[in-house]
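Enquirer: quick one, structure for this:
(2 chains)
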Amino acid sequence: MAKITPIRESVTTIADDGGRIFLHPADVRGVFTNWRRIVGGLLISIYVLLPWIPINGHPALFFDTVDRRFHIFGLTFAAQDFWLAFFFITGLGFSLFFITSLLGRIWCGWTCPQTVFLEHVYRRIERAIEGNSAAQRKLDGQPWNSEKIMKRGGKQVIFLLISTIIAHIFLSYFVSIPELYKWMTMSPTEHWSAFLFVFIATGVLHFNFTWFREQLCLVICPYGRFQSALIDDDTMIIGYDEKRGEPRGPVKDPNAGDCIACNRCVQVCPTGIDIRQGLQIECIGCANCVDACDEMMEKVGRPKGLVRYDSLNGLSGIKRRIFRPRIALYLVMLLIGCSVMAFSATKLKQAHMSVVRMAGVPYIVQEDTVRNAFMVRLINKQDLPVSFTVMVDSPIIHDKQGFEAPVTVPPLGEVVQPMVITIDRAEFTEKFSFDVKAVDSSGEIELMRNAEFLGPILLPSS
Amino acid sequence: MSKQNQKPDEPKLRPHAYDGITEYDQRLPNWWLYTLYGTIIFSVIYWFFYHQSNASMSDVEKLEVAMMEIQATKLANSIDVSNDDLFYEMAENATFVSSGESIYNQYCMVCHGPNLEGITGLGLNLVDAEWVHGGEPSKIYQTIYDGVLDKGMQAWGPIIGQKSITEVTAFILSKKE
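Expert: Sure, this is the predicted structure:
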């Protein structure tokens, strides 16, 4: 395969006839590569370990779909608390806005699962089996002899195995690990939906990481697209210092700039662009070209940073501005989302109560009493039984029928019982509201609901 | 292999221009086109399978089957509530009576008291000789089902359903001397 010559007007990895040009990025060494490996390793360990680390008796992250409960770092959310997801998601959204307008597509290059698994797992295995990029390209051109079958076949088998493991770990965020292990040892016919989920997820992951790769970032990923729209002239991006580098020429040419036209930055690029053509939508900010160029500059004894992290303004010699109004706006929005989320999370109750007037007549008048009947519903969101004492708080109400003794609500269950309130007719002058209070036996959960007492309105005697 | 990878320096432009905006004439990636063709083929298969062949039920048929299932469950739980003798038989059956008792304790006890003797000003006495709203089992059932709204007795039919009301009726009858 010929060396690629990227141009700005078309996508390097798509041939003129629509076919795919498969990239074999060259190896790269350097500071950023080392740090990216550390970050990648850390992120993969977090992904693998989260379902195994117990906090408050549940995995650190566990979306229990069977019981409709979400365990997030020791906090438990029931399906009824789902409205909090709004603040969680907007908080995440504005975090992305904030980070992108400040640091560019740092998410894509350093932390996106697509990049992390592709660069630190799949490509490393490919490198170990097939050799460096030149060897990989040579293998591409070879006929299907035993060497190619062994290498390519072996690679596919290992890739498939890893895709299966990643899919199973993903499922373990939704199904408890003992349950998942039980399923793994059973026949697929006993749990078709879970089996199909893992089967399809494995297939999609395998296709994505084996063949599709950077096409996802270039054509499909929406986050990459709106991150590109969030970048302005003061955002930190990866760029080429044109003023220093141009005109390109051999090391010995005294009239040439610092760029020695070695093409290393193009060879190491995982999306097949030439960073010297400026900021492009394909750039995922992986810093491979920074490390590649720094290595060459060091070899020829020129200062590093010809390709570097800088803003467009910084690259053209204008003073860099870090703080901008939009940064402040994103920060405020992000803080609103986070603080509402955090505040509401601390206010969440492990139970819920509703007090609803019974159907039929709103009140009953007897000789000297007025009576209102309510249905009280107690919902227990915990997975252990909770006993509640229900009280009525009002100076007028002395007679309450129902809830004489504490009621026990089963785990994840509910109890519905009537409550009848009677007052002296003489005491009733107009409708009034009162509080119904439920307290659990430990006194930790206190629920309060307001209800209205209705009765006959006495017309002023004329 | 190497020929197709050679890109001309500048892609061709489409002949049209709108407001000075022109468009490159470049092919879509094949994988993208194949995805599109795949969805077209899928839509034909889907259309044939769900709308033309009898291999799958239509939504209306599925709804009818589901309604039949609901009705079957209802029929299985339904008892001839006008048959007084049947209620007396149930009142002898310990299973019926005990499930009736737990329903009574949850919903009825508040007004009719723990021993069915009634609470002054609230619920009527259910164990004395007097039946204000009719003492035949089918009448008792009907009273519970429809309630006596002007006296504050809730219509329990829509809340706890026919089966539970039948059981409560059996429990009340069992307490009668």
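Enquirer: could you list every residue that touches A:F197?
Expert: A:F197 makes contacts with A:L171, as judged by C-beta atoms under 8 Å, 6 or more residues apart in numbering or on different chains. C-beta coordinates here come from the backbone N, C-alpha and C atoms, glycine included.
Enquirer: if I look at it, how far off is chain B?
Expert: Distance, A:F197 to chain B, by C-beta to the nearest C-beta, to the nearest Å: 20 Å.
Enquirer: so which residues on the stretch 301-450 of chain A come close to chain B?
Expert: Contact residues, the stretch 301-450 of chain A versus chain B (C-beta under 8 Å from any C-beta of the partner chain): A:358-361, A:364, A:366, A:369, A:371, A:373, A:401-402, A:415-420, A:422.
Enquirer: among the residues you listed, which are in strands?
Expert: The members of those that map onto strands under DSSP state E are A:364, A:366, A:369, A:371, A:373, A:401, A:415-420, A:422.
Enquirer: for the residue in the stretch 251-400 of chain A that chain B sits nearest to, which non-adjacent residue is spatially closest?
Expert: Residue nearest to chain B within the stretch 251-400 of chain A (C-beta to the nearest C-beta): A:I364, separated by 3.8 Å. When the adjacent residues along the chain are set aside, A:I364 lies closest to B:G152, with 3.8 Å between them (C-beta to C-beta, 6 or more residues apart in numbering or on different chains).
Enquirer: can you report how many residues lie near the one you found?
Expert: Using other C-beta atoms under 10 Å in any protein chain shown, B:G152 is surrounded by 22 other residues.
Enquirer: all helices of chain B, in order?
Expert: B:2-5, B:30-47, B:59-77, B:84-92, B:94-103, B:109-112, B:137-146, B:157-174 (DSSP state H).
Enquirer: show me what contacts residue 80?
Expert: All of this is about chain A. A:Q80 touches A:H352, A:I379, A:K381, counting by C-beta under 8 Å, 6+ apart.
Enquirer: switch to chain B, please.
Expert: Residues in contact with B:D80 (C-beta under 8 Å, 6+ apart) are B:L86.
Enquirer: distance of it from chain A?
Expert: 27 Å.
Enquirer: do B:W32 as well
Expert: 7 Å.
Enquirer: neighbours around that residue, how many?
Expert: Count around B:W32 with other C-beta under 10 Å applied: 15.
Enquirer: how about it: what's its closest non-neighbour residue?
Expert: A:V219 (6.8 Å).
Enquirer: which neighbouring elements make contact with the helix or strand hosting A:D294?
Expert: Per DSSP states H and E, A:D294 falls inside helix A:288-299. Applying 3 or more C-beta pairs under 8 Å, 6 or more residues apart in numbering or on different chains; DSSP states H and E, one finds that helix A:288-299 makes contact with helix A:31-49, helix A:264-267, strand A:307-310.
Enquirer: what about the residue nearest to A:E130 when sequence neighbours are not counted, which helix or strand?
Expert: In this structure, A:E130 finds its nearest non-sequential neighbour in A:Q136, 4.8 Å apart by C-beta to C-beta, 6+ apart. If you go by DSSP H and E, A:Q136 is part of helix A:133-141.
Enquirer: return the set of buried residues in the following helix or strand past that helix.
Expert: Sequence order places helix A:146-171 as the next helix or strand after helix A:133-141, per DSSP H and E. Buried residues in helix A:146-171, counted by 16 or more other C-beta atoms under 10 Å in any protein chain shown: A:148, A:151-152, A:155, A:159, A:162-164, A:166-171.
Enquirer: just stretch B:155-165 next, same as before
Expert: B:A155, B:W156, B:G157, B:I159, B:I160, B:S164, B:I165.
Enquirer: adding mean neighbour count and mean pLDDT, write the helices and strands packed on helix A:288-299 out as a markdown table.
Expert: Below are the helices and strands packed on helix A:288-299 laid out as a markdown table (neighbours: other C-beta atoms under 10 Å in any protein chain shown; pLDDT from 0 to 100):
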| stretch | mean neighbour count | mean pLDDT |
| --- | --- | --- |
| helix A:31-49 | 15 | 95 |
| helix A:264-267 | 22 | 94 |
| strand A:307-310 | 20 | 94 |
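Enquirer: now the spatially most central residue of chain A: closest residue in space that isn't a chain neighbour?
Expert: The residue lying closest to the centre of chain A (C-alpha atoms, centre = their mean) is A:L92, at 7.7 Å. Spatial nearest neighbour of A:L92, excluding adjacent residues (C-beta to C-beta, 6+ apart): A:G337 at 7.9 Å.
Enquirer: what pLDDT does the one you found get?
Expert: On pLDDT, A:G337 comes in at 86.
Enquirer: backbone phi and psi for it, please?
Expert: Backbone torsions of A:G337, given as degrees, to the nearest 10, read phi -60, psi -50.
Enquirer: these two touch, right, it and A:L96?
Expert: No - contact criterion C-beta atoms under 8 Å: A:G337 and A:L96 do not qualify, at 11.5 Å.
Enquirer: which one of those two has more residues nearby?
Expert: Using other C-beta under 10 Å, the more surrounded residue of A:G337 and A:L96 is A:G337, with 20 against 17.
Enquirer: might you report the residue contacts of that one?
Expert: A:F87, A:F88, A:T90, A:G91, A:L92, A:G93, A:F94.
Enquirer: before we move on, what about A:E9?
Expert: Taking C-beta under 8 Å, 6+ apart as the test, what A:E9 contacts is B:E10, B:P11, B:Y24.
Enquirer: please flag which of these sit within strands.
Expert: B:Y24.
Enquirer: hmm, back to that, wait, what's in contact with the residue of the stretch 251-400 of chain A closest to chain B?
Expert: With the criterion set at C-beta under 8 Å, 6+ apart, A:I364 makes contact with A:V370, A:R371, A:N372, A:A373, B:D150, B:K151, B:G152.
Enquirer: now those: which count as buried?
Expert: By 16+ other C-beta under 10 Å, the contacts of A:I364 give A:V370, A:R371, A:N372, A:A373, B:G152 as buried.
Enquirer: could you tell me which strand of chain B is the longest one?
Expert: Ranked by residue count, the top strand of chain B under DSSP E comes out as strand B:13-18.
Enquirer: run through who's touching that one.
Expert: For strand B:13-18, the external contacting residues (C-beta under 8 Å, 6+ apart) are B:T22, B:E23, B:Y24, B:D25.
Enquirer: same question, stretch A:89-105
Expert: A:106-107, A:223-224, A:227-228, A:230-232, A:235-238, A:283-285, A:322, A:324, A:326-327, A:330-331, A:333-334, A:337-338, A:341.
Enquirer: which ones among the residues you listed map onto strands?
Expert: Going by DSSP E, the strands hold A:I237, A:I238 from those.
Enquirer: kindly reformat the buried ones among the contacts of A:I364 as TSV containing pLDDT and distance to B:E101.
Expert: Listed next are the buried ones among the contacts of A:I364 as TSV, based on pLDDT from 0 to 100; distance: C-beta to C-beta, whole Å:
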residue	pLDDT	distance to B:E101
A:V370	88	31
A:R371	88	25
A:N372	90	27
A:A373	89	22
B:G152	78	23
